[in-house]
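Asker: Any chance you could fold what I've pasted below:
(chains A, B, C and D)
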Protein chains: 4
Amino acid sequence: MIKVSILGASGYSGIYLVHALSSRKDVELIHITSQSNAGKPISEVFPSFNKISKTKLINFEKLDEQQIASSSDVVFLCLPHGKSSLIISAILKFNPSIKIIDIGADFRFDKLENYELNYEKHAAPDLNKYFVYGLADIYEDRIRGSQFVSNPGCYPTGALLPLLPLIKAGIINYDYPVIIDSKSGISGAGKSINLAYQFCEAQNSVRAYNIWKHRHLPEIKEKIYNEIFLTDTETGSGSETRSLSLPNKYYMSELLSLSDKYPDVIFTPHIIPVIRGILTTIYIKLNSSIIDNNKIEDIYNNFYKNNPFVVLLENGILPDIKNVIYSNNCHIAFSKNNNYLILVSAIDNLGKGASLQAIQNMNLMFGLSADYEMQDFTPYP
Amino acid sequence: MIKVSILGASGYSGIYLVHALSSRKDVELIHITSQSNAGKPISEVFPSFNKISKTKLINFEKLDEQQIASSSDVVFLCLPHGKSSLIISAILKFNPSIKIIDIGADFRFDKLENYELNYEKHAAPDLNKYFVYGLADIYEDRIRGSQFVSNPGCYPTGALLPLLPLIKAGIINYDYPVIIDSKSGISGAGKSINLAYQFCEAQNSVRAYNIWKHRHLPEIKEKIYNEIFLTDTETGSGSETRSLSLPNKYYMSELLSLSDKYPDVIFTPHIIPVIRGILTTIYIKLNSSIIDNNKIEDIYNNFYKNNPFVVLLENGILPDIKNVIYSNNCHIAFSKNNNYLILVSAIDNLGKGASLQAIQNMNLMFGLSADYEMQDFTPYP
Amino acid sequence: MIKVSILGASGYSGIYLVHALSSRKDVELIHITSQSNAGKPISEVFPSFNKISKTKLINFEKLDEQQIASSSDVVFLCLPHGKSSLIISAILKFNPSIKIIDIGADFRFDKLENYELNYEKHAAPDLNKYFVYGLADIYEDRIRGSQFVSNPGCYPTGALLPLLPLIKAGIINYDYPVIIDSKSGISGAGKSINLAYQFCEAQNSVRAYNIWKHRHLPEIKEKIYNEIFLTDTETGSGSETRSLSLPNKYYMSELLSLSDKYPDVIFTPHIIPVIRGILTTIYIKLNSSIIDNNKIEDIYNNFYKNNPFVVLLENGILPDIKNVIYSNNCHIAFSKNNNYLILVSAIDNLGKGASLQAIQNMNLMFGLSADYEMQDFTPYP
Amino acid sequence: MIKVSILGASGYSGIYLVHALSSRKDVELIHITSQSNAGKPISEVFPSFNKISKTKLINFEKLDEQQIASSSDVVFLCLPHGKSSLIISAILKFNPSIKIIDIGADFRFDKLENYELNYEKHAAPDLNKYFVYGLADIYEDRIRGSQFVSNPGCYPTGALLPLLPLIKAGIINYDYPVIIDSKSGISGAGKSINLAYQFCEAQNSVRAYNIWKHRHLPEIKEKIYNEIFLTDTETGSGSETRSLSLPNKYYMSELLSLSDKYPDVIFTPHIIPVIRGILTTIYIKLNSSIIDNNKIEDIYNNFYKNNPFVVLLENGILPDIKNVIYSNNCHIAFSKNNNYLILVSAIDNLGKGASLQAIQNMNLMFGLSADYEMQDFTPYP
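Answerer: Numbers count the residues shown, from 1 in each chain, chains lettered A, B, ... in the order given. As a prediction, this is how the structure comes out:
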């Protein structure tokens, strides 16, 4: 029985973890915390939690680090950035071997400076080096058995899953920018209340936001640069292998000193009036005109061949967020014209982009298969 | 040139008044006030106000009663209940002949006690008797030339327009309740920020609320009882005439002493995920089995025969809010089975149910035709 | 291992059955038929069916009654009315002991005349008497172990679950009509293509339809009248017991001869722009002023005390379709004022109103608990 | 009085023309044709057309070219491509001086081969040279007084309005592709009935489609190449002037012979679940690092300085389709980082992208100001 506590459990990613884990027979929910709902039963705050799984339900509680540390095997943190660091430090004092999965941003960067430049002064800088970047479909080998996982941002997940296999294959021409145009559902903004996301304001609203400034851009950039560095230095002219033996952390500043080899990365997030999902359209240029569709198919199929969640769509079908919401799946398609390649991916920002990838990480951390007891409940219609 | 000021102009009904009046060549917008946006140009707060009507645009201002009183012919108040009373009192001191149209609830009740029972202690009780209830398609004769108009609530507008002609015709059996089941778009909750109306919470939400407790129920009830009293006492067995010569105010308590003649009125509001519109379904029983469809058609067509806004739909077409949003129209249909009659009406809660009915009232107060310069911009698709 | 075949498996209720049953370890999907998609793999028609449950997936096939009869333990039919009767007759010839769950309307009426009056001449009239009406939360005892179940309509499910306990308790005043005002999502219209349900036509559309004419009205009426008859004749002044020992079929015509004891039933369906869900608001009058809230709570809690799916909400929470979609749950609340009682229920029209209730019926027919392996995936947000 | 006929008047762009023109006092609607609705009054097909403009309403008719030619000053054609050519030929035989505005694609290409390559064999090739490309905010001078105008496609309008001023200014580095990523509402697919656009299929659907293959790509490309050619050859190093004196038609093939000077153009259309609107995000690289924000602002403000419809947003506000729907406005913003420039534009695909731009063209053809009697009814909320 895996004893699980979830901190920040009444937000969108937190309650989704509660929901998804409460049907697991090998999981026991020990503590679920919520500052604003402490003391209330889940079913009062979320009336959908009624009846069928009644016996498993517990109340929201206030956060008590000692209690959580002493009674849990793993803790999921769904907290605003900055908060996680402090709480994790406190928990580790009571239980140094507890497993941690942080859904927030505190430990996503390999290089601390990248975090501090884009967020704020880090509250637990010494811990950063212990965290593995939990892009579970790419870094499975590193995550398996690790104690600390930092769950990736939603946009980076949607961008990196289609991009990294091609980067590792060394087929991209870095004289041209990598352009990432993402369209996200509104739940990406979290459960906080905001005039712009009131129904009447949002239903007809489609817009770009945070151009050049979104904090997921440096995250994407760091991970891309890491892989370029790795591909170039360790595996020569490009490789599709996933058997990585690199240390957990690379440093963008080192990479940047090699910067003429690294492409510009452009990222524009957009808000669209759906609850969930991110569609990502990526524009790249190939470095050779002799790369054909079969070669690209092979790269993806090879890369994700044992992976149950990342699907290269066939028969000309293009990704649609409606086909992946409420799942841990990522659908990918590509379309080539001369040397230009357009990639399209679809994920659920709260599923693959947050809570379900976190559970995939938990599975790996506990030695289970990536898809252990993970079901797909993509609604149709 | 009618000089208009709008108080509370950055809320949903306020900005709609600004929008609808800014294309009128006979109207000049003098002051538009907004506590939160004072000092800003409209186009900064509402980017849709750009370019074409640029020359007419003015800034939001702080409220200055004296300035408004001295420079305006008519003032629209789009303020929370309680506030209007105080401000109107202040304005009248500076300009006793200024015309007032109150979109809020302060002066909707004929009988002060009904207001105080359902809202709060009235802040300007002496003014109440001067206000006409601005249900413009029914009480046109009273409104024409009057100085003070209280704009009806949105639900009462949707319920009373189909109901009152039948009440005046005396064909309803009051031994059975009048049941009003209304479905409203989310803008009815105003522009205030609320978790329940965040897009992610609201898009799939359909629910009843405030059962038995909604403040529009006593408003509907008072107006129904007034008309029953009037129909019974003045015009005998029922009449379809609109030439009323009654004083502005009737009193429900007097009516209630006659209460065995008055039906129970039941009203259940529901929230549905559209921005605008109210669909109202009403269940009544007729007092005679010999009333046929032709008779009912005649009652409506006769009653609204000179009215450009209230339409009894033909050819079996049923009202749909999509056909009336962004208009001042009310679509009505009825369906009879034995002695049961189902009425359905559709209005725009912010158009006919608020700002456009207010403009219709302004037209009448200034001696213009009800539909003077009123256009219908119901979007399709 | 329960061997299941699903006919009409690419429609909304059919594919939902495939989806919900494909995660059951005790169920094997043998044949899934689809006229329009025969020969195609599910994942081509429904791209969400990719990867994770890949191994269980099969192709859509043409209908072959003999093959289905010989290889299946139970057959679900998701077909237009009229078609089921013929196909069931054919299947039974090949396998007289096969279990049948008909999602369509063919066998919903106790009395054949009621079907023929509202639909068409019945194609297998002799079979009708063998079918149990599969309102699983009420008629569990009859369904358990039966061979033939007719799954109720979606509107009747939403109306009968809150109504029947009160009817059985004998507390309703039948001198007043029972008024049922239902608001349904668009998937209720099925997967057929229709201009009125194109996104651009439907997103802002809220309307009543088929007033007095919807085929679910006679279905609701027959079931209400059956229960009134039963309550009056067998259990005296009213009872809350669920231990029924009645024959499967009662006859409305017999009931109608007793008609002065039976209330008028009024039903108005509305379409609202959500994909799934039915909210039902019901207006009744109680037959005694001494029935208080506690009494009504007791009736419901007693009636559904062992039921994992029907929930009387507490703490003043009102049903919301967003809290029941993609589940087999029915949420109920009531609100009393004098002798008037307003009931509100929320269900998923395709879940509790179709496919998931059908699986609940399957569980009962196979001797399993009603909630065996039924999970609740109500999305949030 | 301008006598107007509208062919194909019951489709989305046709009925929008009827709606927008029916409030014009200087316009008389003579004939409105609809194959499927001939003989019916507008208000029966579109119930929103009731009451207020009742007196102006006419019936849908069958197409009669002679009648239309002899009674109309101008004809709008809202027909499938291929059809317009034949009908225009027929109409011109009866009335050679009649004005024509074609909303369809038949005459959008300067070079006939471009049409035939992307659509089909042209049915009236001799007429092509007479048509002006009606991108009214750019080519006002050519359109003013012309007899034949071909209304641009919706995507090209959204892409060219922000792009062409920069191309004319000569500041783009054509060694890099011009990448256009467009997000369109569903009404762009027209009123045709399609499973993919049923509400239940479309509400949660976000996807790319027709990558590399959309017919608006060659239209965009031809217009970009024309302007590059013009800018390079006639005005030297780039100019922001709008006083063009070029012949109506340039030829892409000639341009293509100069092809090393012309950039690759990439265009990816996406479908998002809103009724109306196109948001276009464009990625370009500048050809000099000394171009600053002020310079770009100047280019736009200068270029559109007398234009009432195209707005460069200020104060960091980004375009949002909700701020332009139901208007003829185009909102533009740009964001620069090093030499990369991201442009964002928002238009209404049926307004600026079809019917309202067509009316703007009509105004110019009749010597009126571009914004004569054009009002902006962008709904809020």
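Asker: give me every residue that touches the residue in the stretch 1-150 of chain A that chain D sits nearest to.
Answerer: Proximity of the stretch 1-150 of chain A to chain D (CB to the nearest CB) peaks at A:Asn118, 15.1 Å away. Any C-beta I mention is one placed from the backbone N, CA and C, and that applies to glycine too. For A:Asn118, the contact set (CB atoms under 8 Å, 6 or more residues apart in numbering or on different chains) comprises A:Arg215, A:Pro218.
Asker: distance of it from B:Gly104?
Answerer: Distance, A:Asn118 to B:Gly104, by CB to CB, to the nearest Å: 47 Å.
Asker: Count the residues that sit near A:Ile291.
Answerer: As a burial measure, A:Ile291 scores 18 neighbours (other CB atoms under 10 Å in any protein chain shown).
Asker: likewise A:Phe109?
Answerer: Neighbour tally, A:Phe109, other CB under 10 Å: 26.
Asker: With C:Arg276 as the reference, measure out to it.
Answerer: As defined by CB to CB, A:Phe109 lies at a distance of 41 Å from C:Arg276.
Asker: ranges for the helices of the stretch 151-300 of chain A?
Answerer: A:154-169, A:199-202, A:216-234, A:252-257, A:293-303 (DSSP state H, counting those that start in this stretch).
Asker: by how many degrees do the first one and helix A:293-303 diverge?
Answerer: This means helix A:154-169. With axes from the mean of the first three to the mean of the last three CA atoms, to 10 degrees defining the directions, helix A:154-169 sits at 110 degrees from helix A:293-303.
Asker: is chain C contacted by helix A:154-169?
Answerer: No. Shown here: helix A:154-169 not in contact with chain C (CB under 8 Å from any CB of the partner chain), separated by at least 13.3 Å.
Asker: That helix and chain B, any residue contact?
Answerer: No. On the criterion CB under 8 Å from any CB, helix A:154-169 is out of touch with chain B, staying 14.3 Å away.
Asker: for the helix or strand harbouring A:Ser345, the distance to its chain's centre please.
Answerer: Of the helices and strands defined by DSSP states H and E, A:Ser345 is found in strand A:340-347. Here strand A:340-347 is found 17 Å from its chain centre; the criterion is CA atoms, centre = their mean, to the nearest Å.
Asker: Show me what it is packed against.
Answerer: helix A:154-169, strand A:278-285, strand A:330-337, strand D:207-208, strand D:265-271 (3 or more CB pairs under 8 Å, 6 or more residues apart in numbering or on different chains; DSSP states H and E).
Asker: run the last query once more with 6 Å
Answerer: Packing contacts for strand A:340-347, counted by 3 or more CB pairs under 6 Å, 6 or more residues apart in numbering or on different chains; DSSP states H and E, involve helix A:154-169, strand A:278-285, strand A:330-337.
Asker: any chance of these in TSV, plus distance to D:Cys154?
Answerer: Output for those, formatted as TSV (distance: least, CB to CB, whole Å):
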stretch	distance to D:Cys154
helix A:154-169	27
strand A:278-285	19
strand A:330-337	22
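Asker: Including mean pLDDT and mean neighbour count, could these go into JSON lines?
Answerer: JSON lines is the format used below for the helices and strands packed on strand A:340-347 (pLDDT from 0 to 100; neighbours: other CB atoms under 10 Å in any protein chain shown):
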{"stretch": "helix A:154-169", "mean pLDDT": "97", "mean neighbour count": "26"}
{"stretch": "strand A:278-285", "mean pLDDT": "98", "mean neighbour count": "25"}
{"stretch": "strand A:330-337", "mean pLDDT": "97", "mean neighbour count": "22"}
